[in-house]
Structures are given as structure tokens and as C-alpha cells.
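> Starting from these lines, generate the structure:
(chains A, B and C)
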Amino acid sequence: MPTAVWWIRRDLRLTDNQALTAALQVADQVIPLFILDPFFDRSPYVAAKRLAFLVRGLHELDAALRQRGSRLIIRQGKPVVTLAQLLAETGAHTIFAEADYSAYARRRDNAITTSLPLKLVDGVVIHHPESVHKQDGTPYTVFTPFKKNTWLARPLPRAADILPAPMHIPTPPELASLPIPSEPDLPPDVPFTPGEAEAQRRLVTFTHSPARQPVITHYAETRNSLHEVGSSYLSPYLRFGMISARQAAVAALQAMAAAQTPDARQGAETWLSQLVWRDFYTAVLYNFPYVSNSSFRPAYDHIQWRNNPANFAAWQAGQTGYPVVDAAMRQLTQTGWMPNRARMIVASFLVKDLLIDWRWGERFFRQHLVDGDPANNNGGWQWTAGTGTDAAPYFRIFNPISQSQKFDTDGRYLHRWLPELANVPARYIHAPWQMPPLEQQRRGFLIGRDYPPPLVDHAQARARTLAAYRAARGTT
DNA sequence: TGAAATGTTGGGGCG
DNA sequence: ACGCCCCAACATTTC
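Numbering: from 1, shown residues only, chains lettered A, B, ... in the order given. Just a heads-up that it's a prediction; the model follows:
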């Protein structure tokens, strides 16, 4: 009786799972396996909240498997060793896994392939990184042609392509398994309930909630808002494959086709673009692995960063004196998530106001984001720093005050995350240090006592950064 | 998916 | 009526 292993890494779902489907096609019995890899215990990039989200997701997956005559098998150890042992123990002939294109995963999987029957299956992105390239076969480094000339031109997934969750998954009953880790639990203020069922609910609500206009209808504008519910809130689920990118793309394309107004169409297309960015950055990291620790553009490896540790600590703690930066950093450390606009604002502030190496910020994000993903996080940071593929030009420097006024006009987001600003009137909420001393006294709110003065003067910091980037460009 | 500096235009106050 | 100045509003260029 042929047995196959379904090695689960970042595909914690039963619906539209190409690795699971492939395993069921060639085997009578399938072993759903998750390996606790000690490598991650030593990684400086692991986030407690992301780990908790993953572990709770494993419990959810196990429950779903048990409804289908199966269960999740947990083993601990170096994957190559653990897999070899499991094959010997069960006589399983093939291991199926969804291909993961991050650097560690590729090294690990390439090494395993030399000694074990590991079959890698597509699914983490919509188009394989090698399938989207220029006419001459070289990889794209600019997003728009990547999307328009190739990504959209290739066959796109349709509803009929989505693989239904298998009704029954036969699994050997006598297999030993470690318990699924129960700790750490997800803190209650993290707004993400793990699991595939929740991911499916969110996708439906976001794309075609029947009660009112779904959020995707206005996504093009609302995604930039700091306080509105204008995001899909699906990033952590996509990160761990609790929903497939392919299914998300089908929903986006359906919303585009069904749109009644140009705005609604634009909203759906903008969301689809976010899924394309996800493919793009995965392909960039795949094709240019050095970007994980160097600038895509080598000239920018010569920037003379200031890297002031006290400034970095203030940024991390949300104590820079710039409310929009501090609110976003508090939201990040408390909930493990920030809207995209907030990510760009705090990244621009770290790199271009404090002149701190983008890698420091990249690491901190990975230590806190529930959705933290090597490719997307690296791509986003290099974009803001101006060092990456298709990056923001070096001179594009966000003004933290005008960004705050533009995307949180009434200060609702600032008040939500910065209770110490409760007594600051609307007029000064984006720049509290401009409040006259007499009014500070009258309101019982003192800059320097209740809230820090601005860590840097934005105009000076901007000039300093332009000079540092100019100098780095001059070295090539 | 910028912001600041600089340039241009035109209305209105004023002598 | 005219010239002059101020300045808001908008456009263009520069970083």
C-alpha cells in the first residue's frame, strides 16, 4: 500500500493545496507532517506573535484533518534526518511539499533532494519565479513590465482551477507524533484568528460581502488610510498558506469582472496588484539572493549610516516624538501588524530621518510582524530605502507631518495608539511640540514630560540624508 | 506608492 | 487709471 508524506511548511490549508493533491494522487495513505526545525530556534528573525500564529494554525489544521480521518504528525529535528527516519519507519516512497523560494528553504530543499525522494510542487506564488522573465530570459527588475508584459499575459487561475479540500485523507493510524506545541498563545490584542476557516471567511467578506459594499470596492483609496478598515487583513494567512495566493487571485479577478463602477474595478485591480507585488518580490529574492543582506544597487552599500543606538531604541519603542511614527510602532509591537502606509512612513523615518541602515528595520519588522515574510519584507525595505529593484528614488523622503495630516487627518489613529496625546487639541495632534508652552500648561500636557520632543528636525535630517546618498552615489 | 524650492499668474489693496 | 506690491494658487523643477 503506497504511502506518501505531505510535508507542510507554509501551506497550512486543505483547499487548493497542490502538494496534498499530488500526494493523494499517487498514494493510498498520506502522512501530514510538520517538522519543528531547530534552525528557527536560533534565528534572529523569529517573532513570538508569528510563531504563536503558526502554532495555533497547526492546531486548527489538525482539527480539520481529524474531520477527514487524518491528523497532523509532529516531529522535531533537522528536516533531512527527520524525513529519512520517517521514510524508513513507514515505507513511504515520496515526500510532497509546496516549494518555498526563500534562501534557507531553497538550501534546505536542494540538499534534501540529493538524498531523499522530495517532490516540490507549486503553490506559494501564482506564477513560478522562473516563469516570469523578459524576452531574453533574464529576470525582471521593474514591477510594471513584470506585471503587464508577463504576469498578466500568462494563463491566470480560474475558479475551476481551485482544488477542493479532500473529503477523506487516509493516514496510517499507528504513527507516533509529538504533541503540537501549546505555547506560546497568541496575545488577545492580535487581530488575527489563525486557521484556514477564518482565512476563507475573510476573503469572502473582503471581496463580496453581501450585506454592504465589500471593502475591496474602495480598496484603492482605503488601503492608504491609517485608521479605516481598508485592508484585506489577509497577509498573515497568505504568509502561512492558510489560503492559497491562487484563490485570492481568482477572487480579485472575479471582483474586477463583476465591478459595477470604475472605482470598484480599480479597487479590485489594486488588490490584485498587491498579489503581483508578492510574486514580484519572491522572484527578486529568488533571482538575486544577495539582496537578502545587500542593496540590490551596489552603490548604496556605501551609504555612511549614522546607526545611532539611542535613536534606534526610540524608534522601536514608539518614542520619537513624531506621533504618526510612534502610533504605528506601538501598533506593530502590540498587535504584530500595521497597514501598508504605516510601514512606509516608519521605514522612511528610520532610514531617511534617522539615517539608520535599512537592515536594522527589516530585522525588527521580521521580529514583530505576524505576516513577516523574507521576500516581501526585504522588498518593502529596499523600496523605501531606495536601494532596491524598482525602488523609490533616493530623494523621495516622506514628511512625517504631512503624511500624518494626509492619511489620518482627524488624528483618530494617533489617539488610538497614543493615549498620552488625549489632551492635545486637533490643531497640534500631528506635531505636538508646536503647541505653545502656555497652552501646554493649560492642558496639563508638557512636551518632555508627557511626550518626547522630536528626535530630529525633519528639514535638517532630510538634508543630511540627501548628502549621504549623494556621497554614496559618487563612490561608483 | 513625495516634498521642497522655485517660477508664474492674477486678483486686490493702495497710493 | 496706473504702477506697485503682496500673496494665494497653481505649475514646474529639483532633490
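
> Using the three-state scheme, assign residue A:155.
Following DSSP: H, G, I helix; E, B strand; the rest coil, residue A:155 is assigned to coil.

> quick one: contacts for whichever residue of the stretch 251-400 of chain A sits closest to DNA strand B?
Closest approach between the stretch 251-400 of chain A and DNA strand B, counting by Cβ to the nearest atom of the strand: residue A:399, at 3.9 Å. Yep, even glycine has a C-beta here, placed from its N, CA and C like the rest. Counting by Cβ atoms under 8 Å, 6 or more residues apart in numbering, residue A:399 makes contact with residue A:458.

> Let's see the pLDDT reported for it.
Confidence at residue A:399, expressed as pLDDT, is 95.

> same thing with the one 10 residues further on?
Reported pLDDT at residue A:409 in the predicted model: 92.

> From residue A:226, how far out is it?
Distance, residue A:409 to residue A:226, using Cβ to Cβ, to the nearest Å: 10 Å.

> Check residue A:197 too.
Distance of residue A:197 to residue A:226, given as Cβ to Cβ: 29 Å.

> ok now stretch A:409-422, how far from the chain's centre?
Relative to the chain's own centre, stretch A:409-422 is displaced by 25 Å; criterion: Cα atoms, centre = their mean, to the nearest Å.

> can you tell me which residues contact residue A:357?
Counting by Cβ under 8 Å, 6+ apart, residue A:357 makes contact with A:303, A:305, A:307, A:351.

> what's the answer for residue A:196, then?
A:12-15, A:60-61, A:64, A:237, A:242-243.

> count of neighbours near the closest residue to residue A:323 other than its chain neighbours?
Spatial nearest neighbour of residue A:323, chain neighbours left out: residue A:414 (4.6 Å); criterion: Cβ to Cβ, 6 or more residues apart in numbering. Look at residue A:414: counted by other Cβ atoms under 10 Å, it has 22 neighbours.

> before we move on, what about residue A:457?
Using other Cβ under 10 Å, residue A:457 has 11 neighbouring residues.

> Next one: it from residue A:435, what distance?
For residue A:457, the distance to residue A:435 equals 17 Å [Cβ to Cβ].

> And the closest residue to DNA strand B within the stretch 101-250 of chain A, how far from residue A:370?
In the stretch 101-250 of chain A, the residue that lies nearest DNA strand B is residue A:143 (6.0 Å; Cβ to the nearest atom of the strand). Going from residue A:143 to residue A:370 by Cβ to Cβ gives 25 Å.

> What of residue A:33?
Where residue A:370 is concerned, residue A:33 sits at a distance of 24 Å (Cβ to Cβ).

> hmm, back to that, neighbour count: residue A:197 and residue A:226, which is higher?
For residue A:197 versus residue A:226, neighbours defined as other Cβ under 10 Å are more numerous around residue A:226 (26 against 15).

> distance between the host helix or strand of residue A:280 and the chain's centre?
Taking DSSP states H and E as the criterion, residue A:280 maps to helix A:262-287. The chain centroid and the centroid of helix A:262-287 are separated by 13 Å under Cα atoms, centre = their mean.

> Could you list the buried residues of that helix?
By 16 or more other Cβ atoms under 10 Å, the buried positions in helix A:262-287 come out as A:264-287.

> Equivalent analysis for stretch A:229-242, please.
With burial defined by 16+ other Cβ under 10 Å, the residues of stretch A:229-242 counted as buried are A:230-242.

> For the nearest residue to residue A:287 once chain neighbours are set aside, give me its contacts.
Nearest residue to residue A:287, sequence neighbours excluded (Cβ to Cβ, 6+ apart): residue A:139, at 3.9 Å. Residue A:139 makes contacts with A:129, A:132-133, A:283-284, A:287-288, as judged by Cβ under 8 Å, 6+ apart.

> What pLDDT is listed against residue A:139?
At residue A:139, the pLDDT recorded in the model is 96.

> From DNA strand C, how far off is it?
Distance, residue A:139 to DNA strand C, by Cβ to the nearest atom of the strand, to the nearest Å: 28 Å.

> From residue A:124, how far off is that residue?
As for residue A:139, its distance to residue A:124 is 17 Å (criterion: Cβ to Cβ).

> again with residue A:386
Distance, residue A:386 to residue A:124, by Cβ to Cβ: 28 Å.

> Tell me which of the two has more neighbours.
It is residue A:124, of residue A:386 and residue A:124, that has more neighbours when counted by other Cβ under 10 Å, with 27 against 23.

> Verify the stated contact: the more buried one with residue A:97.
No: using Cβ atoms under 8 Å, residue A:124 makes no contact with residue A:97, being 10.4 Å away.

> Which residues of chain A lie near DNA strand B?
Residues of chain A lying close to DNA strand B (Cβ under 7 Å from any atom of the strand) are A:143, A:273, A:277, A:340, A:344, A:392, A:395-399, A:402-403, A:406, A:458-459, A:462.

> circling back to that earlier point, so what's the residue nearest to residue A:287 bridging to?
Here residue A:139 sits in beta bridges with residue A:133, going by DSSP bridges.

> Low-confidence ranges, chain A, go.
Across chain A, the ranges flagged by pLDDT under 70 are A:1, A:183, A:210-211, A:475-476.

> quick one: residue A:204 and residue A:255, what's the gap?
Separation of residue A:204 from residue A:255 (Cβ to Cβ) stands at 11 Å.

> Pick out whichever of those two has more residues nearby.
residue A:255 (23 against 13).

> Enumerate every residue touching residue A:347.
Counting by Cβ under 8 Å, 6+ apart, residue A:347 makes contact with A:358, A:361, A:380-381, A:384-385.

> Could you pick out the residues of chain A near DNA strand C for me?
A:393, A:395, A:466, A:470.

> Tabulate these (JSON lines), appending neighbour count.
JSON lines is the format used below for the residues of chain A next to DNA strand C (neighbours: other Cβ atoms under 10 Å):
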{"residue": "A:393", "neighbour count": "8"}
{"residue": "A:395", "neighbour count": "12"}
{"residue": "A:466", "neighbour count": "14"}
{"residue": "A:470", "neighbour count": "11"}
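
> Now the two most distant members of these.
By the measure Cβ to Cβ, A:393 and A:470 form the most distant pair in the residues of chain A next to DNA strand C, at 12.4 Å.

> List the buried residues in the very next helix or strand once past the helix holding residue A:280.
Going down the chain from helix A:262-287, the next helix or strand is helix A:309-317, by DSSP H and E. The neighbour-count check on helix A:309-317 (16+ other Cβ under 10 Å) flags A:311-312, A:314-316 as buried.

> so how far is helix A:309-317 off the chain centroid?
Distance, centroid of helix A:309-317 to centroid of chain: 23 Å (Cα atoms, centre = their mean).

> Next secondary structure after the helix or strand containing residue A:33?
Per DSSP H and E: residue A:33 is located in strand A:29-36. Later in the chain than strand A:29-36, the nearest helix or strand by DSSP H and E is helix A:39-42.

> between the contacts of residue A:196, which is closest to residue A:208?
Nearest to residue A:208 among the contacts of residue A:196 is residue A:243, at 15.1 Å by Cβ to Cβ.
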